[in-house]
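Chemist: here is a sequence together with a model predicted from it:
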Amino acid sequence: MAGTFPSRSPYSTAPSLADIEAIAAASLETIPAELGRHAGNLVIQVEEFPDDETTLDMELESPFDLLGLYSGVALTRKSVGDVATGPDMVYLYRRPLLDYWCESGEDLAHLVRHVLIHEIGHHFGFSDDDMERLEEAAEAAAQAE
């Protein structure tokens, strides 16, 4: 069934770029329709690590410090008069994701979905603080059930 994830890791070796792409695609299907229709033009790209330029621009101590990145103009800042310079993109970084997965013991599908949704949040114009508040509210609501 689309959009479902195994509860245990099915991997006997490190998941490949294609595996992470498949998890991201399944995760994308679980996004609420009202959000998904505005995220339809996003390009999801899985790469091993952030490139050197991104590492320098973000002043990362290590390329392992970044799990994902949104690149584009947030919907809240777009205008019909803007000239598109390329597609809005979400990058997922395989090696940092796998490193975090191994260190945390978190379910890989849950981790990939969390990072993907976080980066899509930037597409909608949410700041990191906005998303942290939304996550806390969602967690509190889930615990109240």
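Modeler: Arrived safely.
Chemist: how many other residues sit next to the nearest residue to residue 106 once chain neighbours are set aside?
Modeler: Closest residue to residue 106 apart from its sequence neighbours, by C-beta to C-beta, 6 or more residues apart in numbering: residue 100 at 7.5 Å. Every residue, glycine included, has its C-beta placed from N, CA and C. Residue 100 has 16 neighbours, counted by other C-beta atoms under 10 Å.
Chemist: residue 114 is in contact with residue 100, correct?
Modeler: No. Counting by C-beta atoms under 8 Å, residue 100 stays clear of residue 114, with 10.3 Å between them.
Chemist: now the helices for this structure?
Modeler: 17-28, 33-36, 52-57, 94-104, 108-123, 128-144 (DSSP state H).
Chemist: contacts for the third one?
Modeler: Which is helix 52-57. The contact list for helix 52-57 (C-beta atoms under 8 Å, 6 or more residues apart in numbering) reads 49, 60, 63, 66, 69.
Chemist: kindly export that helix (C-alpha atoms) in PDB.
Modeler: The C-alpha trace of helix 52-57 is given here as PDB (Å, rounded to 0.1, in the frame of the first residue of the first chain):
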ATOM      1  CA  ASP A  52      31.100  22.200  -1.000                       C
ATOM      2  CA  GLU A  53      29.300  25.500  -1.700                       C
ATOM      3  CA  THR A  54      26.400  24.600   0.600                       C
ATOM      4  CA  THR A  55      28.800  23.500   3.300                       C
ATOM      5  CA  LEU A  56      30.700  26.800   3.100                       C
ATOM      6  CA  ASP A  57      27.600  29.000   2.800                       C
END
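Chemist: buried residues in it, which are they?
Modeler: For helix 52-57, the neighbour count (16 or more other C-beta atoms under 10 Å) marks 54-55 as buried.
Chemist: that older thread, need the contact list for the residue nearest to residue 106.
Modeler: Contacts of residue 100 (C-beta under 8 Å, 6+ apart): 67, 106, 111.
Chemist: quick check: it vs residue 17, distance?
Modeler: Going from residue 100 to residue 17 by C-beta to C-beta, to the nearest Å gives 16 Å.
Chemist: and what of residue 125?
Modeler: On the measure of C-beta to C-beta, residue 125 and residue 17 end up 29 Å apart.
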